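Peer 1: Quick one, structure for this:
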Amino acid sequence: MLLSKGFEVEMYTGTPEGDIVGLSDKIVVALDGFVREPDSRNVEYTTAPLCRYDALLCELLQPRTRLRNYIKSLGDYTLIPGSTLCLGGSDRFSRSDPNNPYHSYIEQTYGTKVVTASIHINIGFSDPELLMRACRLVRVEAPLYLALSASSPFIDGLATGSHSTRWQVFPKTPAHVPLFTSHAHHIQWMEAQLKAGTMQNVRHLWTSVRPNGARRPYDLNRLELRICDLVTDPIALLAITALLEARLWQLINDPSLDPLEASTLPAATRASDLIDLTDANEAAAACHSLDAQLLHWQDGRSVTAREWIWELDREVWPHAKQRGFSCFLSPLQKILREGNEAQRWLKLRPRGLTTRSIIKQAIVATQLREQELSDNLCHALVA
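Peer 2: You can find the predicted model right below:
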């Protein structure tokens, strides 16, 4: 038995030279399963909730193949890796739906800070109280998933000094989101935010992790991890997802891992202090990703994100092995050794490569990787 999993994948469209071009207004009309973002330069598709990792691989690849084929029919267009407007365009908003009032609010309030690409990982839960417990644990460990996925070191052709510029600039909303102690607490808090206007609607909860469902905040059925940058390699994404699922199985088997129970902080200050610690860890991970120096939420010790992930991988591996998906954890070792996408890109700059050259190489590598996986794995599974 495995938990159900699905992905929301946001990607930029543009030219093989790396220039991002808005095409979402055409894409959403021509292709089922794609939805527009407020800015036309990226587009989103969502995979069906599935339990098996091999099936998830095909769900990730097949819509992307359809998207590539369609935008190629419009001209010399391709998909652009990365999570920010890496070669330019951050000075303007390119509306995908000029008549949408919520999009108007977003443009006027946040500008191009929200014009990013990312991966949202959804994990299914039928019990709302277990979902809240899962959200609490994933919230305090979300910086680790950001560290693994960072892929936005550039904006407007320049290195920003951050590995995840996306999470550095993205407007987390509302400014303070608590650790929800229960489903009832989540409902009360959401209703208060909507009444106060700090949230425009139930979707306007932009935090690293949130409970989600068909009728938020009342009917909930999944955890949504929103902190990850775009992970273009599906195998790497499945590895990150396997780490998340294995950790959640560990929590299901051992409820004492709940941060409101397991932290050594005094109970009276535990929740607020954990949020402060986590916010600091998120900022550090956004800047330095796997090399970030973090404070462990359980005991306050200083540890790098890379070391913490090594520890967590060893700790959860038996839970993944018991359920037959431990092999999907293996690619984490390569990420930890060689770096995430942002770190690999930044290593090319001392060799004299420009930002454009780096992105052009990444565009080609991304397409070749998709073709390789589609030919060698996805087609075999379908057959």
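Peer 1: Touching, Tyr77 and Tyr70? I think so.
Peer 2: No: the criterion here is CB atoms under 8 Å, and Tyr77 misses it with Tyr70 at 9.1 Å. From N, CA and C alone the C-beta is placed, and that goes for glycine too.
Peer 1: For the closest residue to Leu148 other than its chain neighbours, report the pLDDT, please.
Peer 2: Sequence neighbours aside, Ile240 is the residue nearest to Leu148 in space, at 5.3 Å (criterion: CB to CB, 6 or more residues apart in numbering). In this model, Ile240 is scored at 98, pLDDT.
Peer 1: Next, find the distance separating Ile240 from Ser151.
Peer 2: 12 Å (CB to CB, to the nearest Å).
Peer 1: These two - which one has more neighbours?
Peer 2: More neighbours surround Ser151 than the other of Ile240 and Ser151, with 30 against 25 (other CB atoms under 10 Å).
Peer 1: Next one: that one from Pro211, what distance?
Peer 2: Ser151 sits 26 Å away from Pro211, going by CB to CB.
Peer 1: ditto for Thr15
Peer 2: 39 Å.
Peer 1: ok, these two, which is more surrounded?
Peer 2: The neighbour count for Thr15 versus Pro211, taken as other CB under 10 Å, is higher for Pro211 (22 against 16).
Peer 1: Give me the neighbour count for Trp310.
Peer 2: The burial count for Trp310: 15, using other CB under 10 Å.
Peer 1: should've said Lys195
Peer 2: Counted with other CB under 10 Å, Lys195 comes out at 9.
Peer 1: Is it within a helix or a strand, and which one?
Peer 2: helix 183-196 (DSSP states H and E).
Peer 1: tell me the average confidence for that helix?
Peer 2: 97.
Peer 1: shaky segments in the stretch 1-150 of the chain?
Peer 2: Applying pLDDT under 70 to the stretch 1-150 of the chain flags no residue at all.
Peer 1: for it, what spans make up the helices?
Peer 2: Taking DSSP state H, counting those that start in this stretch, the helices of the stretch 1-150 of the chain run over residues 24-30, 53-74, 101-110, 128-149.
Peer 1: Select, out of the ones you listed, the one closest to Ser83.
Peer 2: Counting by CB to CB, Ser83 lies closest to helix 128-149 out of those; the figure is 8.6 Å.
Peer 1: before we move on, the earlier item: deepest in the core, which of the helices of the stretch 1-150 of the chain is it.
Peer 2: Scoring those by mean neighbour count under mean count of other CB atoms under 10 Å gives helix 128-149 as the most buried, with a mean of 24.
Peer 1: Need the CA coordinates for that helix. CSV is fine.
Peer 2: Taking Å, rounded to 0.1, in the frame of the first residue of the first chain, the C-alpha atoms of helix 128-149 are listed here in CSV:
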residue,chain,number,x,y,z
PRO,A,128,-8.1,15.5,8.2
GLU,A,129,-6.4,15.3,11.6
LEU,A,130,-3.6,13.0,10.2
LEU,A,131,-3.3,15.5,7.3
MET,A,132,-2.8,18.3,9.8
ARG,A,133,-0.1,16.3,11.6
ALA,A,134,1.6,15.6,8.3
CYS,A,135,1.5,19.3,7.4
ARG,A,136,3.1,20.2,10.7
LEU,A,137,6.1,17.8,10.1
VAL,A,138,6.5,18.7,6.4
ARG,A,139,6.3,22.4,7.3
VAL,A,140,9.4,22.3,9.6
GLU,A,141,11.3,20.1,7.1
ALA,A,142,10.3,21.9,3.9
PRO,A,143,13.7,23.7,3.6
LEU,A,144,15.2,20.3,2.8
TYR,A,145,13.0,19.8,-0.2
LEU,A,146,13.8,23.3,-1.4
ALA,A,147,17.5,22.5,-1.0
LEU,A,148,17.2,19.4,-3.2
SER,A,149,15.2,21.2,-5.9
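Peer 1: between it and helix 183-196, what angle do the directions make?
Peer 2: Interaxial angle of helix 128-149 relative to helix 183-196 (axes from the mean of the first three to the mean of the last three CA atoms, to 10 degrees): 70 degrees.
Peer 1: Which strands or helices does helix 128-149 pack on?
Peer 2: strand 119-124, helix 183-196, strand 209-212, strand 222-225, helix 234-253, helix 259-262, helix 270-288, helix 305-322 (3 or more CB pairs under 8 Å, 6 or more residues apart in numbering; DSSP states H and E).
Peer 1: buried sites along the longest one?
Peer 2: Burial within helix 234-253, assessed by neighbour count using 16 or more other CB atoms under 10 Å, is assigned to 234-252.
Peer 1: okay, it in CSV with CA atoms only?
Peer 2: This file holds the C-alpha atoms of helix 234-253, laid out as CSV (Å, rounded to 0.1, in the frame of the first residue of the first chain):
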residue,chain,number,x,y,z
PRO,A,234,11.4,13.3,-13.6
ILE,A,235,13.7,10.7,-11.9
ALA,A,236,15.0,13.3,-9.6
LEU,A,237,11.5,14.5,-8.9
LEU,A,238,10.4,11.0,-8.0
ALA,A,239,13.3,10.6,-5.7
ILE,A,240,12.3,13.8,-3.8
THR,A,241,8.8,12.6,-3.7
ALA,A,242,9.9,9.2,-2.4
LEU,A,243,11.8,10.9,0.5
LEU,A,244,8.6,12.8,1.3
GLU,A,245,6.4,9.8,1.2
ALA,A,246,8.8,7.6,3.3
ARG,A,247,9.0,10.4,5.9
LEU,A,248,5.2,10.5,6.0
TRP,A,249,4.9,6.7,6.5
GLN,A,250,7.4,7.1,9.3
LEU,A,251,5.1,9.7,10.9
ILE,A,252,2.0,7.5,10.4
ASN,A,253,3.8,4.7,12.2
